[in-house]
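In: Got a sequence here, can you model it:
(chains A and B)
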Amino acid sequence: MNANLAERWAELPDLLAGHVLLSLAAILVGLVISLPVGIHAASRPRLAGTVLNLASIIQTIPGLALLALMVPLLGGTIGYAPAFLALMLYSILPILRNTIVGLQGIDPVVRDAARGIGMTPREQLWRVELPLALPVIVAGLRTAVVWVVGAATLATPVGASSLGNYIFAGLQTRNWLSVLFGCLFAAGLAIALDQMIRLLEVAARERRRGLAGAVGIALVVLLTASVAPRFVSFDRIMAGGSGDPVRVGTDRLDDETIVVGAKAFTEQYILAALLDERLSAAGARVDRRDNLGSTIAFDALRTGEIDVYIDYSGTIWATVMNRPEPVNRHAMLAEMTGWLWAEHGILALGSLGFENAYGFAMARDRAEALGVGSLADLGPVSNGLTVGGDAEVFSRPEWVMTRDTYGLGGMQTRAMDAAFMYGAVRDGQVDMISAYTTDGRIAAFDLIVLDDPRSVLPPYDAVILLSPEAAANPALVGTLASLIGSIDDDAMREANRRVDLDRQTPAQAASWLADRIAAGETTQ
Amino acid sequence: MSEDTPAVLDVRDVRKTYAGGVEAVRGVSFSVARGRLLVLAGASGCGKTSLLKMINRLENSSGGSILFGGEDIAGLDPVALRRRIGWVMQGDGLFPHMSVRRNVGLIPQLAGQDAARVELRVREMLDLVRLDPGEFGERMPDELSGGQRQRVGFARALAGEPELVLMDEPFSALDPITRDGLQQDFRQLQADLGFAAVMVTHDMAEALIMAHDVAVMRAGRIVQQGTPRELMARPADDYVSGLLETPRRQVRAIAELTQ
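Out: Next comes the predicted model:
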């Protein structure tokens, strides 16, 4: 088995358990809410119309947006809670709609008969109406299961682990095996649950106890198999922790759980793996939250949901501090550090030593053909050209200021996943992209980063950020302090290249980086 | 009806006005004794079905009173009342998701009888309506003919040992031969068990053949009430004469064939 496949297999128990726990809880709670509401509304046409409209509105919100909206609604909480809430809301419409339609579709003669022979309203509901509406209600439940199991893959950016981790991480690092893993297991899970519910309904309708028992057992086995590994390994860790003598050391983090966050791109995965390696070596249990949305990561740090992650000075400056005007590199670092501490109690431990700025890159031959070497050269010839960028860049002040300063308003913008940008500009599908200056593909694809003569683009020093709680942990601060100034631009670019082009895993690239840091330390 | 047989059902000046002011029933009185069948006959919309539904409180009356076993039904719990009254509907109204056995055993079961007694009752009822319990017990309603379904409908209505059976056009969906057989069987059942019954129909021939008493309704009122013989002898007005004309003409036509 190759390293990639082995790593994917190793991740499976955790991600599958997360996915199953998340989607099943969402469906069960959705069912418990929508079934009584549907029953109550079925005999009240006006109420039925209102609740169905409400549920439909929720349904029209795209899944990813609904998940992302839950984070601010829950006061910046990331992880299980917002994902659960969004998916639960998502499961309501199909169940609610089918409950109402199923009950309203019952032959009025049968309804009259139930009343006429002397059944109480409760008996009418349980013995006649629900059994007759059951096939329709179950069809709604099956729709909900397929939707929710699918949508649960979108829980990754809000920090809940699911099979979506495979897809998001795989997309960013162009690891198609990982993407395929996520898709296959999510689809397999949806199909398995859907068919089990179908068989349970058949068993109930045809009163086949044997079939019901067999499906019940299969369901329990599936759930146990997917959820148990998480608890078993948890128990083992607990037992190991209590059995060991307590070691005392200033830089030891024995049995402390440190939550490491990362945004959704290659460099972040590598740096998170590097932090993971350092913290694990110091004895900590590391809990990873990869693939967080950019502002979600900061909010999570502020509220203590994660303990540490790497951010960039220019990002904090523009999107968190809302400062429009760039200043020089050292002034920005100093002012940002003071501001974070004063406003949020967040500790900016220090710069890792490299800068990953936004820059605008073109294919060398294209730039030469246009006679463009800097953004100032581009302005006069930019009309009608296309600029590609990731989802967030075009709404960030960096682009707005670049566009306005250099007169690039005539360019067409095209948002795409960061993983595809470099290939797109190399192949001429777009004329320019918003590149990350440490990306290994700039050199590999023979791209040039255009000069910024008016210093519009702010500096982007990579900085270790610690939550207020983590900042008060001297062992943690001590462990990570050794990383300050340890990675230069070339080292980071090479590490990124290893993942993006050589198809190494982020953990492998992090090891390489760690070795290089260790070598650097010994030579100093 | 003689003084010494107290009425099972006594309907006194009952009225029904629907929201919007439509007067469906405008003061109707009649009574039905044990073992008797009263047929409410009349065209669609004359108020006969509304009247029937007021007797088991599927609808509430707007005026007058209805006594069941001497008690005013307004003071009775509707569910308890309905369990004492058999209910047979047009197009059978069987529960499509329940076998014949479960349909027939439903009322005894809801009344809290144990499984053995319910099973015994089901067999007894299916025998009464001349369906073999072994052959038909486990069938679903959609596996039966129309006549068989209506027999199950009767068995279900009678399983709770009702003092009164209400029937809304029970034979109208059946073919003539099945209908005739079922009508005969119903009269025999009533003679054997002795319950009182009220049947609604728009078929005058059916009313004349089956009823002990016929009440002809028109626009919410009873225009004539009497035995079939009295109706045939002295129709109260042109409307009743008109209703009787169809069966009369049929009888004459058939009689001519045998001459």
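In: all strands of chain B, in order?
Out: Using DSSP state E, the strands found in chain B span residues B:7-17, B:23-33, B:37-41, B:63-68, B:71-72, B:85-88, B:164-168, B:196-201, B:213-218, B:221-226.
In: Let me fix that, I meant to ask about chain A.
Out: Under DSSP E, chain A gives strands at A:257-263, A:285-292, A:308-312, A:347-355, A:358-363, A:386-389, A:412-415, A:432-436, A:447-449, A:461-466.
In: So which elements touch the longest one?
Out: What that stands for is strand A:347-355. helix A:329-344, strand A:461-466, helix A:468-471, helix A:474-481, helix A:489-500 (3 or more CB pairs under 8 Å, 6 or more residues apart in numbering or on different chains; DSSP states H and E). Just so you know, the C-beta spots here come from the backbone N, C-alpha and C atoms, and that holds for glycine as well.
In: Tell me which of the ones you listed lies nearest to A:Asp390.
Out: helix A:489-500 (14.4 Å; CB to CB).
In: so what secondary structure elements neighbour that closest one?
Out: Against helix A:489-500 (3+ CB pairs under 8 Å, 6+ apart) you get helix A:266-281, strand A:347-355, helix A:441-444, helix A:506-523.
In: Next, the buried residues of that helix.
Out: A:491-500 (16 or more other CB atoms under 10 Å in any protein chain shown).
In: same thing with stretch B:202-219?
Out: In stretch B:202-219, counting by 16+ other CB under 10 Å, buried: B:202-204, B:206-208, B:210-218.
In: of all these, which comes closest to chain A?
Out: Checking the buried residues of stretch B:202-219 against chain A with CB to the nearest CB, the nearest one is B:His202 at 17.9 Å.
In: near chain A at all, stretch B:114-122?
Out: No - taking CB under 8 Å from any CB of the partner chain as the criterion, stretch B:114-122 and chain A are apart, separated by no less than 14.3 Å.
In: Residues contacting that stretch, please?
Out: Under the contact criterion CB atoms under 8 Å, 6 or more residues apart in numbering or on different chains, stretch B:114-122 has outside partners B:101, B:104-105, B:108-109, B:113, B:133, B:137, B:155, B:159.
In: Same check on stretch B:42-53?
Out: B:11, B:14, B:16, B:24-26, B:28, B:40-41, B:59, B:166, B:168, B:198, B:200, B:202, B:216-221, B:243.
In: repeat for stretch A:411-422
Out: By CB under 8 Å, 6+ apart, the residues outside stretch A:411-422 that reach it are A:171-174, A:265, A:382-391, A:393-394, A:403, A:424, A:430-436, A:439, A:441-442, A:445, A:447.
In: of these, buried ones?
Out: A:171-174, A:265, A:382, A:385-390, A:393-394, A:403, A:424, A:430-436, A:439, A:441-442, A:445, A:447.
In: Point out the residues in the stretch 101-250 of chain A that sit beside chain B.
Out: Applying CB under 8 Å from any CB, we find that the stretch 101-250 of chain A lies next to chain B at A:107, A:109-110, A:112-120, A:123, A:127-128, A:131-132, A:205.
In: Please repeat the previous calculation with a cut-off of 7 Å.
Out: Proximity of the stretch 101-250 of chain A to chain B (CB under 7 Å from any CB of the partner chain) is limited to residues A:109-110, A:112-113, A:115-120, A:123, A:128, A:131-132.
In: so where's the stretch 151-300 of chain A uncertain?
Out: Under the criterion pLDDT under 70, the flagged ranges of the stretch 151-300 of chain A are A:229-251.
In: just the helices and strands packed on helix A:489-500: most buried one?
Out: helix A:266-281 (a mean of 23; mean count of other CB atoms under 10 Å in any protein chain shown).
In: number of nearby residues for B:Pro133?
Out: Residues contacting B:Pro133 under the criterion other CB atoms under 10 Å in any protein chain shown number 18.
In: Return the distance of A:Ala160 relative to A:Arg289.
Out: Going from A:Ala160 to A:Arg289 by CB to CB, to the nearest Å gives 9 Å.
In: before we move on, what about A:Ala418?
Out: Distance of A:Ala418 to A:Arg289, computed by CB to CB: 19 Å.
In: Between these two, tell me which one has more neighbours.
Out: The residue with more neighbours, out of A:Ala418 and A:Arg289, is A:Arg289; 25 against 22, by other CB under 10 Å.
In: picking that back up, what's the most buried one of the strands of chain B?
Out: strand B:85-88 (a mean of 27).
In: by contact count, what packs against that one?
Out: Strand B:85-88 makes packing contacts with helix B:146-158, strand B:164-168 when contacts are defined by 3 or more CB pairs under 7 Å, 6 or more residues apart in numbering or on different chains; DSSP states H and E.
In: Show me which positions of stretch A:205-218 end up buried.
Out: A:212, A:215.
In: Could you find the closest non-adjacent residue to A:Arg426?
Out: Nearest residue to A:Arg426, sequence neighbours excluded (CB to CB, 6 or more residues apart in numbering or on different chains): A:Phe445, at 4.3 Å.
In: So that neighbour is in contact with A:Ala424, correct?
Out: No - applying CB atoms under 7 Å, one finds A:Phe445 not in contact with A:Ala424, separated by 10.3 Å.
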